[in-house]
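*Asks:* Just the structure for this:
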Amino acid sequence: MNIQEQVADITKQAAQKLRQNGKLENVVWVAAGGSFGGFYPAQYFMDHESVKVTSESFTSNEFALNIPKYVGNNTLAIFCSMRGTKETCVAAKKAKAAGATVIALYVLESDLTKISDFNIKYESIAEDTSRTEHVNSSIGLMLAMNIVNETEGYPNYKEAMHGFEIVDAIYRRAVKVTKPLAQKWAQQNADRNPIYVMGSGPTYGAAYIFSICNIEEMLQIASPTINSCEFFHGPFEVLDKNTSVFQLISVGRLRAADERAVRFLKQYGGDKVYLLDGKEIGLNDLDDSISEYFNHILFAPILNNVYMRALSKVTSKDYNTRRYMWKVAY
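*Replies:* Residues are numbered from 1 along each chain as shown. A predicted model of the protein is given here:
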């Protein structure tokens, strides 16, 4: 059974369990940090494709401290944590106590896998041996696609599942293309602080993870995330010829927003502005009906495994070191 079949099977089982007390009416996606950002493509897909099932995403501690009143017997609650982050486990317990059916995405077994009704093991995005369709963001997106297909039918389901069959090969080619580009970017931005990261729509989650997990957590460099659409409502006032900006250009309906930002960056920014286009990393190799939803699936590992590592090398900062995480009480 491949991962697409495994996810489809678990979705069907979860839907059947929900029907014992009612039906699948709403989904919540709950996680912290990079895992929270990894659910962005799933939420984006639900926002734009789901008619019958409502969907919201929450960072774990917000959910744990203030669980929505609608969470109950008709809720599918999907959690993600590599090692069983404390607040994610607390949030899962509260969802389960409220009557929700719980699915957990995990790497190492923990309290989270004990709490959940169904578990799906994923592979870390940071491991070069991990297959792209097996990382948490891919599995989250698969779950979203299967939820819609199960409840109302998703007309591009076949094309989407085929996309997961070929996305790893596309990613491997993109790594080869971007490595020399990343080296040049890192050399040009080694002394820049902050580094702004911009994206919109289907790339915003990848931009967010690149900022908070890769640049800030791993390299201890300030890195605000800016939505390309919101750039013109305040943030563009910080732009000058020395500002470091990393702009993601998506494939799909939000591309126009990214291109608008690019035009302004080219006119008023300097040589610290960097553009990474989805078309250049292989998103056009996917069927047009589903390529938009795969933006994050390709951007996120390239940013983590190519660009972050290149900046780490140039700045001589070991990306495995931390100041506070896992070291002090928080």
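
*Asks:* If you tally nearby residues, what's the number for residue 330?
*Replies:* The local packing of residue 330 (other C-beta atoms under 10 Å) involves 6 other residues. Using the backbone N, CA and C atoms, a C-beta is placed for each residue, glycine as well.

*Asks:* give me every residue that touches it.
*Replies:* Listed by C-beta atoms under 8 Å, 6 or more residues apart in numbering, the contact partners of residue 330 are residue 324.

*Asks:* where's it relative to residue 91, distance?
*Replies:* Distance of residue 330 to residue 91, computed by C-beta to C-beta, to the nearest Å: 17 Å.

*Asks:* Repeat that for residue 28.
*Replies:* Going from residue 28 to residue 91 by C-beta to C-beta gives 9 Å.

*Asks:* quick one, which of the two is more surrounded?
*Replies:* A count of neighbours by other C-beta under 10 Å puts residue 91 above the other of residue 28 and residue 91, at 30 against 25.

*Asks:* SS state for that one?
*Replies:* With DSSP: H, G, I helix; E, B strand; the rest coil as the basis, residue 91 sits in helix.

*Asks:* likewise the one 4 residues further on?
*Replies:* Taken by three-state DSSP, the conformation at residue 95 corresponds to helix.

*Asks:* okay, now it: neighbour count?
*Replies:* Per other C-beta under 10 Å, the neighbour tally for residue 95 reads 27.

*Asks:* can you pull the contacts of the nearest residue to it once chain neighbours are set aside?
*Replies:* Of all residues not flanking residue 95 in the chain, residue 77 sits nearest, at 3.9 Å (C-beta to C-beta, 6 or more residues apart in numbering). Shown in contact with residue 77 (C-beta under 8 Å, 6+ apart): 27-28, 30, 71, 92, 95-96, 100-103.

*Asks:* can you rerun that using 6 Å?
*Replies:* Going by C-beta atoms under 6 Å, 6 or more residues apart in numbering, residue 77 touches 28, 95, 100, 102.

*Asks:* Now do the SS call for it.
*Replies:* Applying three-state DSSP: residue 77 is strand.

*Asks:* Roughly how far does it sit from residue 70?
*Replies:* Applying C-beta to C-beta, the value for residue 77 to residue 70 is 11 Å.

*Asks:* what's the pLDDT at residue 147?
*Replies:* pLDDT recorded at residue 147 is 98.

*Asks:* Give the next helix or strand downstream of the helix or strand harbouring it.
*Replies:* Using DSSP states H and E, residue 147 sits within helix 136-151. The helix or strand immediately downstream of helix 136-151 is helix 157-189, counting by DSSP H and E.

*Asks:* What residues sit buried inside that following helix?
*Replies:* The neighbour-count check on helix 157-189 (16 or more other C-beta atoms under 10 Å) flags 157, 160-161, 163-164, 167-168, 170-171, 174, 178, 182-183, 185-186, 188-189 as buried.

*Asks:* from the contacts of residue 77, which is closest to residue 3?
*Replies:* residue 102 (19.6 Å; C-beta to C-beta).

*Asks:* all strands of the chain, in order?
*Replies:* 26-31, 54-59, 75-81, 101-106, 118-121, 195-199, 225-227, 244-249, 273-277 (DSSP state E).

*Asks:* How far off centre is the longest one?
*Replies:* On the basis of C-alpha atoms, centre = their mean, to the nearest Å, strand 75-81 is displaced by 15 Å from the centre of the chain it belongs to.

*Asks:* So what are the sheet partners of that strand and their directions?
*Replies:* Applying DSSP bridges, strand 75-81 is found paired with strand 26-31 (parallel), strand 101-106 (parallel).

*Asks:* would TSV of the contacts of residue 77 with distance to residue 292 and pLDDT be doable?
*Replies:* Formatted as TSV, these follow (distance: C-beta to C-beta, whole Å; pLDDT from 0 to 100):
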residue	distance to residue 292	pLDDT
28	23	98
95	30	98
100	29	98
102	29	98
